[in-house]
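Visitor: Give the three-dimensional model of this entry:
(2 chains)
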Amino acid sequence: MEAASVAQPSVFRRTRHVVDRIGDNALFGLSGAAAALALLIIAAIIWKVADGAWPAIRHFGIAFVWHGAWNPVIGREAYGARNFIIGTLVTSFGALLIAAPLSIAIGLFLSELAPPAIRGPIGSLVEMLAAVPSVVVGLWGILVLGPFMRSNIEPFLHDYFGWIPIFGGPPSQSGVLIAIVVLTMMTIPIASSICRELFLGVPRDLKEAAVGLGATRWEMVRHVVVYNVRGGVVAGIILGLGRALGEAIAVTQVIGNSLGPFHISLFKTGNTLASQIAANYQGASTNLQVASLVYLALILLVITFIANLGAQRIVKRFELQRTGGS
Amino acid sequence: MSAPPISLKATGRSRRRLFADRAAVGGAILAALIAVGMLAILVGSVLARAFHSLTWDFFTKGPAVFGQTGGGIAPALVGTLLLVLIAAAMAVPVGVLIAIFVSEFANRKVSAQIRLWLDVLNGFPSIVIGIFVFALIVKTKFLGIGHHQSVYAGSFALAIIMLPLVSRTTMEVLSLVPRELREASYALGVSKWRTVLSVVLPTSIGGIVTGTTLAVARAAGETAPLLFTCSIAGQLINWDPSISVASIPVTIFTYSESPDTALNGQAWAAAFVLIAFVLLTSMFARIMLERSRRKLGRV
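Guide: Prediction:
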């Protein structure tokens, strides 16, 4: 009787101990499995896309990358990615050329120059631009921006800068230049909010030291703030580039999806890797054509993978440097 | 003999420096105005053009039969609701579990790797994720499911897009939960799993809701992953997730390229619905995140 009443708590303790051990292990196992699942999905994406492209890889080999034809006529099928790769690079770097200086300036405005009272609201407005779905940007691009560019901006560029080949040729309602503008709108919010975070991280003492030495605000910004985080700024802009490289919907709506060689004039229609895939979502008929589209996706995946991983590395090194230094 | 008056006006080099300073500040203000202007023009265009088509029928009827006018996007509204709900049901538990693993179990090296790869996944083009799901369960059968477009396929693609968003936001909030709370729980003899379930998660529930809301807002507007997985649709409202449905983004996409101006009008109205949903939810999410950050910062 006495022994039982002593033993009882220890039985309870033991069952609780067992439950806790099972619980701890179960939570560890479940959450570890979830993390493994995420990595598995990444591996599966790479494997499945490469696997889906395999018939085209076997048929065309690596020459697919620099081959210029895209001919879906059965019996004379020939596919190549060159025009789309060029289109992707031209539109993305074109967008970057406009977006990079604007994003740095917006980042500076939001971190250094704006009165504190309006920083918050303007910062959230810029971030909201990132939340606008790409299909809505594309809808606006095709129905509002396109006609506006054709009747206003492109004639102006042609009249004054027509001697530069990229502004030659007749204005059109859909084309590469419009795609560049649309992509610029989509990269600015990403790149500028990264720039703002970086600029906010520059130590206050450094800035005050510069001002104390008699620097103007611009000199302080240029030689201290931007100089201090230049690597991070490059990385932030590459992350924005990642979005531009992979954007399919908005680009396919405005670029015109031509299959011919990429034209030197930005007013002409063009095509990119992502937009060519998106434009063919209903049309792909033969196995080889589907495989070729997946091959395009594989090339796109490789390009964005390299860009993103590179940018992440720079950002990481940067954070380490900063936290290690302070 | 009085000293010559000293002028306070900047000259020469100082003048140039002053002008450079003014020009830089002016340029930055201009850049910020351009960004805000873009948002205003976009939202303004959608508002102005959506106005005529926003009728009661628009929300309650299916697309008009060929040759008739009117019609609406009710099937697409239901479709997007289904797609996003199922996607969230897949992505949120996994995303939260990953965050728990990173903040409670993994060592620094492992958690840094998981963070890196989640960022890489976040950077994958959404059209490639669509192609992946297409190759996995639309083109062929996988574990006995699939071989045609369906809500499941579309939701799976959307879930992959949501996963890094949910999990990164949750991680951020979990790392804000003060160490002392966990230690107090351990000091009372509470085991780790009970601590996570009854102390850590309830404290950070606001952040988890925020991450989910942001991810839902993003997924609701994604078109590219649905093109190959869930874009063939009938004219009627459908609640069956094993077949393909209409969705708002795909409807906007197809209507925007139509030469029919009535359909263009419907695209604008659908864009209005989408943009209103996305902007309101992400605004709500940001306010929530700010609040839970402040709350956790104070503890």
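Visitor: Ends of stretch A:220-233, what's the gap?
Guide: The first and final residues of stretch A:220-233 sit 17 Å from each other (C-alpha to C-alpha, to the nearest Å).
Visitor: and residue B:197, how many neighbours?
Guide: 15 (other C-beta atoms under 10 Å in any protein chain shown). Placement of C-beta: from N, CA and C, glycine included.
Visitor: Chain neighbours aside, what residue packs nearest to it?
Guide: Among residues not flanking residue B:197 along the chain, residue A:27 sits closest, at 7.9 Å (C-beta to C-beta, 6 or more residues apart in numbering or on different chains).
Visitor: so that neighbour touches residue B:100, yeah?
Guide: Yes - using C-beta atoms under 8 Å, residue A:27 is in contact with residue B:100, at 7.2 Å.
Visitor: Now list whatever residues contact both of the two.
Guide: residue B:196 (C-beta atoms under 8 Å, 6 or more residues apart in numbering or on different chains).
Visitor: The residue nearest in space to the middle of chain A sits in which helix or strand?
Guide: The residue lying closest to the centre of chain A (C-alpha atoms, centre = their mean) is residue A:243, at 1.7 Å. Using DSSP states H and E, residue A:243 sits in helix A:230-246.
Visitor: so what secondary structure elements neighbour the very next helix or strand once past that helix?
Guide: Following helix A:230-246 in sequence order, the next helix or strand is helix A:249-254 (DSSP H and E). Contacts defined by 3 or more C-beta pairs under 8 Å, 6 or more residues apart in numbering or on different chains; DSSP states H and E place helix A:249-254 against helix A:134-140, helix A:176-200, helix A:273-279, helix B:248-256.
Visitor: need these in CSV with distance to residue A:161, can you?
Guide: Output for these, formatted as CSV (distance: least, C-beta to C-beta, whole Å):
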stretch, distance to residue A:161
helix A:134-140, 25
helix A:176-200, 12
helix A:273-279, 26
helix B:248-256, 30
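Visitor: of those, which approaches residue B:275 most closely?
Guide: helix A:134-140 (5.6 Å; C-beta to C-beta).
Visitor: State the pLDDT value of residue A:284.
Guide: Note on residue A:284: pLDDT of 66.
Visitor: Residue B:184 too?
Guide: Residue B:184 is assigned 90 on the pLDDT scale.
Visitor: related to what we said a few turns ago, more crowded one of residue A:27 and residue B:100?
Guide: Neighbour count, other C-beta under 10 Å: between residue A:27 and residue B:100, residue B:100 has more, with 27 against 22.
Visitor: Skip the chain neighbours and tell me the closest residue to that one.
Guide: Closest to residue B:100 by C-beta to C-beta, 6+ apart is residue A:31, at 4.5 Å.
Visitor: separation between the residue nearest to the centre of chain A and residue B:173?
Guide: Separation of residue A:243 from residue B:173 (C-beta to C-beta, to the nearest Å): 25 Å.
Visitor: Over to residue B:269?
Guide: Relative to residue B:173, and taking C-beta to C-beta, residue B:269 is found at 37 Å.
Visitor: now the helices for the stretch 1-150 of chain A?
Guide: Ranges of helices in the stretch 1-150 of chain A, per DSSP state H, counting those that start in this stretch, are A:2-60, A:82-108, A:116-131, A:134-140, A:146-148.
Visitor: which secondary element of chain B has the worst mean pLDDT?
Guide: Lowest by mean pLDDT, DSSP states H and E among the helices and strands of chain B is strand B:145-146, with a mean of 64.
Visitor: for the record, mean pLDDT for the helix or strand following that one?
Guide: The element immediately downstream of strand B:145-146 (helix or strand, assigned by DSSP H and E) is helix B:151-176. Taken as a whole, helix B:151-176 has an average pLDDT of 91.
Visitor: was I right about residue A:123 contacting residue A:193?
Guide: Yes - here residue A:123 reaches residue A:193: they are 7.4 Å apart, a contact under C-beta under 8 Å.
Visitor: contacting residues for residue A:143?
Guide: Under the criterion of C-beta under 8 Å, 6+ apart, the neighbours of residue A:143 are B:49, B:256, B:264, B:268.
Visitor: OK, contacts around the first one?
Guide: Looking back up the chat, that one is residue B:49. So residue B:49 contacts A:143, B:265, B:268 (C-beta under 8 Å, 6+ apart).
Visitor: Let me know the pLDDT of it.
Guide: Reported pLDDT for residue B:49: 86.
Visitor: Kindly reformat the contacts of residue B:49 as TSV containing distance to residue B:296 and pLDDT.
Guide: Output for the contacts of residue B:49, formatted as TSV (distance: C-beta to C-beta, whole Å; pLDDT from 0 to 100):
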residue	distance to residue B:296	pLDDT
A:143	45	89
B:265	47	85
B:268	42	91
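Visitor: Keep only those of those that are in strands.
Guide: With strands identified by DSSP state E, none of the entries of the contacts of residue B:49 belong to them.
Visitor: Residue ranges in the chain under the pLDDT threshold?
Guide: Here I'm looking at chain A. For chain A, the stretches with pLDDT under 70 are A:1-14, A:283-285, A:318-326.
Visitor: could you do chain B instead?
Guide: In chain B, residues with pLDDT under 70: B:1-4, B:65-69, B:141-147, B:297-299.
Visitor: tell me the domain ranges of it?
Guide: B:14-53, B:59-298 (automatic domain parsing).
Visitor: looking at these, which is closest to residue A:73?
Guide: Closest of the domains of chain B to residue A:73 is domain B:59-298, at 22.6 Å (criterion: C-beta to C-beta).
Visitor: Could you tell me which residues of the stretch 201-326 of chain A lie near chain B?
Guide: Remark: the part of the stretch 201-326 of chain A in contact with chain B comprises A:216-219, A:221-222, A:239, A:242, A:245-249, A:253, A:274, A:277-278, A:281-282, A:290, A:293-294, A:297, A:300-301, A:304-305, A:307-309, A:312, A:316, using C-beta under 8 Å from any C-beta of the partner chain.
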